[in-house]
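# Compute the structure for the input listed below.
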Amino acid sequence: MPLFLLKSITFLEALTSIISSDARFRPAYERNNKLGEHYLFVVENTEMFGIINMIATLLLTHSEQFKTSCNSLESDQNATKIMPQTFLSLSIVCIKVLNNIIRMDVKFVQQMLVKNEILLDQLFHLMNYLLVYAHENYDKNEDT
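From the prediction side, this is the model:
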């Protein structure tokens with residue numbers, strides 16, 4: 001299932017990157033001229049394509065399913081929970097899609113998040129979870 005989600009989200013990332021491609025040539029406060037009202041209607045009614053809800057459900061509520069990567073001799077306190085690669089890749093692509101949506105029309109996304117506090121809270125907890133996970137699992141030996 002995560003592989004299907006990864007491919008679907010990658011497709012969404014490609015679509016949103018095409019639409020937001022002019023973002024580097026215009027100020028962030030200006031609306032993308034290529035967008036029609038229909039596109040913004042779809043983004044708003046699907047709560048940003050349901051990406052925040054999906055990735056929050058995958059990562060925050062199912063984090064106990066990740067197997068600890070430790071020998072049977074190590075104690076559970078020293079065990080590090082490692083996220084499967086497909087979940088990690090899915091998280092990264094979801095963040096890219098969210099970035100592309102924000103680059104399309106930042107004011108629209110801000111208004112949408114203010115209206116839906118649950119979505120804002122989920123986004124905050126998702127980013128917090130990913131930052132804590134990245135900090136705890138950062139291997140300085142690999143980054144040379």
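
# Count the neighbours of residue 105 for me.
22 (other CB atoms under 10 Å). Where you see a C-beta, it was placed from the backbone N, CA and C, and this is true even at glycine.

# Tell me the pLDDT of it.
We have a pLDDT of 83 for residue 105.

# Could you do residue 57 as well?
79.

# cool, residue 118 as well?
So residue 118 comes in at 88 (pLDDT).

# Also the one 4 residues further on?
The model reports residue 122 with a pLDDT of 87.

# Repeat that for residue 110.
90.

# Beyond the helix or strand that it is a member of, next helix or strand please.
Here residue 110, judged by DSSP states H and E, is contained in helix 106-115. Next along the chain after helix 106-115, taking DSSP H and E as the criterion, comes helix 117-136.

# mind checking how far residue 136 is from residue 84?
As judged by CB to CB, to the nearest Å, residue 136 and residue 84 stand 16 Å apart.

# for stretch 94-107, which positions count as buried?
For stretch 94-107, burial by neighbour count (16 or more other CB atoms under 10 Å) applies to 94-98, 100-106.
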